[in-house]
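A.B. asks: model this:
(2 chains)
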Amino acid sequence: MATTAKQSRKVTIEPVTRVEGHGKVTILLDENDQVTQARLHIVEFRGFERFIQGRPYWEAPVLVQRLCGICPVSHHLAAAKAMDVIVGADTLTPTAEKMRRLMHYGQFFQSHALHFFHLVSPDLLFGFDADPAIRNVIGVAKKFPDLAVQGVMMRKFGQEIIKITSGKKIHGTGAIPGGVNKNLSIEERDFLLKDLDQMIEWSKGALDIAKNYTVEHLEELAPFGSFDSNHVSLVREDGAMDIYHGKLRGIDFEGNKLFDDFDYTNYRDYIAEEVRPWTYMKFPFIKSLGTDDGWYRVGPLSRVNACDFIDTPFAEAARKEFMAVTDNKPNNITMAYHWARMIETLHSIEKIKELLHDKDLQGTDLVVKGDRREEGVGLIEAPRGTLFHHYKVNKDDQITMANLIVSTTNNNEPMNRAVEGVAKQYLSGKEITEGLLNRVEIAIRAYDPCLSCATHAMGKMPLTVELVDSDNNVVDRKSQN
Amino acid sequence: MREDDGLGPAAAEAIEKLDIDGVTVDSNYQLTVEDSAAVAEHDYVVFVDAAVKGAEPFSLTRLTPKRQESYSSHSVEPDAVLWLAEDLFAAKTVGYIIGIRGYSFEMFTETMTKKASDNLEKALDFLESFLNSKSFIRAEQEYETFIKRIQKI
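C.D. replies: The predicted model follows:
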């Protein structure tokens, strides 16, 4: 903590614990210890959109995986989808699409399991005010060893699927422009099938933990960092949840559509990004609603809210229970992200089971090509939310433009609102304890942000640090461009 | 990979090609908690990675299982992986870490520096002999003998 020479006080939480990547939260208190402002600053800069220019387009699906060590598969598949358009592959072969789907569901399964068991469960199992020495994954392993083992094995299972479908564990090459470069052998299929039923049972168990926790603590959780918001996600043509492909849907906090489900190739007609001086992460918004009202949420909460149904039986039953809490209107409770995330975990393993029993995965027709194009957009639902990859390619096959809106960037405004709301509710006029500070982080963790991905653009990065006293005088300021 | 950051995966790839009896090879971007499950299935584990400083051409250190209180599960230390293997799976796996000295980690390329490549070659010489002999209990002595031998050359 830092105390300025004047009456105001600035409290900084750095780094934010148990999220992927690195961020900083700054809270400004006035002379009466009332929160006047709180912000989530993203301090990382990565530069992918600039240095990928000039590279041959076929490198993109492999290169962009370096964006992040936690969710590389999402970038791999989004870039591959964009490059499908470039090479004129409008419809993949059944084997290619299903291999990619299997990879994607495997990724969802392991990413959600990691987040729930290793990042979130310490707060849910020990309580928000528990000793930090035990409120971590090692503490969970000590007191709830069965649960810790499940988390490890679920994550391992998802990683095995990724390894098998993408060809290797590090920077897999499974998805290529126009298709995939391998199918699923019978041996690989049988290897995965042997643990499948156990994974389904454990997923149901994790869902019960998340659901029961939310329902039992609903009174406390409902206002915690919560607010009415718009929600955006991909949905299938028939309105079903589809995390791999579909049309882009936007709804408001009551479930009314903000626009007709549209072909995401035209995303720039609907979505724009705003730059603000105090963070490297941009602020996407729905253009028709403007910067003040056009922000929206993405990720598990938004996907469950936006879809009409889920096409796997256990997850669909879980979705109906979830929606019943808010009388079948969209759920805007921030902590309900965890419940929605476990619904998706169950959905993912159900889809994996379907795919493993599909003979198309052993097909040998892997790649299609068509008429070459100069521009391609690929959207996918990553575990953390809607992921946009957009490229332009010249006649020499070089990438000349790249625009990425990564999942966590979409949640930038919501995370800031959650931080400010929790800070005002729990920090104003009270003694600053570690538990209180942790509540601010809990609000951020609900979004499962990947802050490593969310800063990838070079060129527009004004950053100004100001210290403002209670009389609104700037006592110190530093800027960099 | 960034230049000499590829030393670990390069070593794993080379060892895998040797197909040494009783040895399984795994390679990843970073260690995570589920690696404890794989480690628990083995009596010995050798973690191999690039080292930004330390002994040349490579170092070998015996690990002690250690509970990690990191703020992030983004990566887990090798000694914490051993601790999890013991705590979750009751494994008594003995662990070593080999740090192959690297020098440049800046450029976005899969080519290593010449010095790092030379260090990799020496580390692979040691690993091949060490893994074939299965003399894990005498690992530190084997390492000292090897280093003295190559220093005389």
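A.B. asks: enumerate the positions of the helix or strand hosting B:Leu7 that are buried.
C.D. replies: When elements are assigned from DSSP states H and E, B:Leu7 belongs to helix B:7-18. Across helix B:7-18, burial judged by 16 or more other Cβ atoms under 10 Å in any protein chain shown covers B:Leu7, B:Gly8, B:Pro9, B:Ala10, B:Ala11, B:Ala12, B:Ala14, B:Ile15. (Glycine included, C-beta is placed from N, CA and C.)
A.B. asks: so what does that helix touch, helix or strand wise?
C.D. replies: strand B:44-51, strand B:94-101, helix B:114-133 (3 or more Cβ pairs under 8 Å, 6 or more residues apart in numbering or on different chains; DSSP states H and E).
A.B. asks: just list whatever residues bridge to the residue nearest the centre of chain B.
C.D. replies: By Cα atoms, centre = their mean, chain B has its centre lying nearest to B:Val48, at 1.6 Å. B:Val48 has the following beta-bridge partners by DSSP bridges: B:Ile98.
A.B. asks: ignoring the adjacent residues along the chain, who's closest to A:Gln37?
C.D. replies: Excluding the flanking residues, the one nearest A:Gln37 by Cβ to Cβ, 6 or more residues apart in numbering or on different chains is A:Leu28, at 4.5 Å.
A.B. asks: count of residues packed around that neighbour?
C.D. replies: 21 (other Cβ atoms under 10 Å in any protein chain shown).
A.B. asks: can you tell me the SS state at it?
C.D. replies: strand (DSSP: H, G, I helix; E, B strand; the rest coil).
A.B. asks: checking the closest residue to chain B within the stretch 201-350 of chain A next. Helix, strand or coil?
C.D. replies: Here the stretch 201-350 of chain A gets closest to chain B at one residue, A:Trp202, 13.4 Å apart by Cβ to the nearest Cβ. What three-state DSSP gives for A:Trp202 is helix.
A.B. asks: so the residue lying closest to it once chain neighbours are set aside, which state does it fall into?
C.D. replies: Distances taken as Cβ to Cβ, 6+ apart place A:Gln150 nearest to A:Trp202, at 4.8 Å, with adjacent residues excluded. Following three-state DSSP, we place A:Gln150 in the helix state.
A.B. asks: which residues are in contact with A:Gln150?
C.D. replies: A:Phe117, A:Trp202, A:Gly205, A:Ala206 (Cβ atoms under 8 Å, 6 or more residues apart in numbering or on different chains).
A.B. asks: may I ask which of those has the most neighbours?
C.D. replies: A:Phe117 (27 neighbours).
A.B. asks: now it: how far from chain B?
C.D. replies: Counting by Cβ to the nearest Cβ, to the nearest Å, the separation of A:Phe117 from chain B is 8 Å.
A.B. asks: show me what contacts the nearest residue to that residue once chain neighbours are set aside?
C.D. replies: Nearest-residue entry for A:Phe117: A:Gly151, 2.7 Å, with adjacent residues in sequence omitted and distances by Cβ to Cβ, 6+ apart. Counting by Cβ under 8 Å, 6+ apart, A:Gly151 touches A:Ala113, A:Leu114, A:Phe116, A:Phe117, A:His118, A:Ser121, A:Val140, B:Val33.
A.B. asks: just among these, which is most surrounded?
C.D. replies: Ranked by neighbour count (other Cβ under 10 Å), those have A:Ala113 at the top, with 30 neighbours.
A.B. asks: who's in contact with it?
C.D. replies: For A:Ala113, the contacting residues are A:Gly151, A:Met154, A:Arg155, A:Gly158, A:Ala206, A:Thr345, by Cβ under 8 Å, 6+ apart.
A.B. asks: how much space separates the fourth one from A:Pro383?
C.D. replies: By that I understand A:Gly158. 10 Å (Cβ to Cβ, to the nearest Å).
A.B. asks: what do these two both touch?
C.D. replies: With Cβ under 8 Å, 6+ apart as the test, A:Gly158 and A:Pro383 both reach A:Gln107, A:Phe108, A:Ser111.
A.B. asks: just the ones of these in strands?
C.D. replies: Within these, no residue falls in strands by DSSP state E.
A.B. asks: can you pull the phi/psi pair for the closest residue in space to A:Asp311 that isn't next to it in sequence?
C.D. replies: Spatial nearest neighbour of A:Asp311, excluding adjacent residues (Cβ to Cβ, 6+ apart): A:Ala240 at 4.8 Å. Backbone torsions for A:Ala240, taken as degrees, to the nearest 10, come to phi -70, psi 150.
A.B. asks: I figured A:Ala240 hits A:Thr312, correct?
C.D. replies: No: taking Cβ atoms under 8 Å as the contact criterion, A:Ala240 and A:Thr312 are not neighbours in contact, 9.7 Å apart.
A.B. asks: the closest residue to chain B within the stretch 301-450 of chain A: how many residues sit nearby?
C.D. replies: For the stretch 301-450 of chain A and chain B, the shortest gap (Cβ to the nearest Cβ) falls at A:Cys450, measuring 9.4 Å. By the measure other Cβ under 10 Å, the count of residues near A:Cys450 is 27.
A.B. asks: from A:Ala423, how far off is the residue nearest to A:Phe117?
C.D. replies: 30 Å.
A.B. asks: list the contacts of the residue of the stretch 151-300 of chain A found nearest chain B.
C.D. replies: Closest contact between the stretch 151-300 of chain A and chain B, by Cβ to the nearest Cβ, is at A:Lys156 (4.0 Å). Listed by Cβ under 8 Å, 6+ apart, the contact partners of A:Lys156 are A:Gln110, B:Glu34, B:Ala37, B:Ala38.
A.B. asks: now, the residues you listed that are in strands?
C.D. replies: Using DSSP E, none of the contacts of A:Lys156 sit in strands.
A.B. asks: tell me which of these has the lowest pLDDT.
C.D. replies: Note: of the contacts of A:Lys156, the lowest pLDDT belongs to B:Glu34, at 81.
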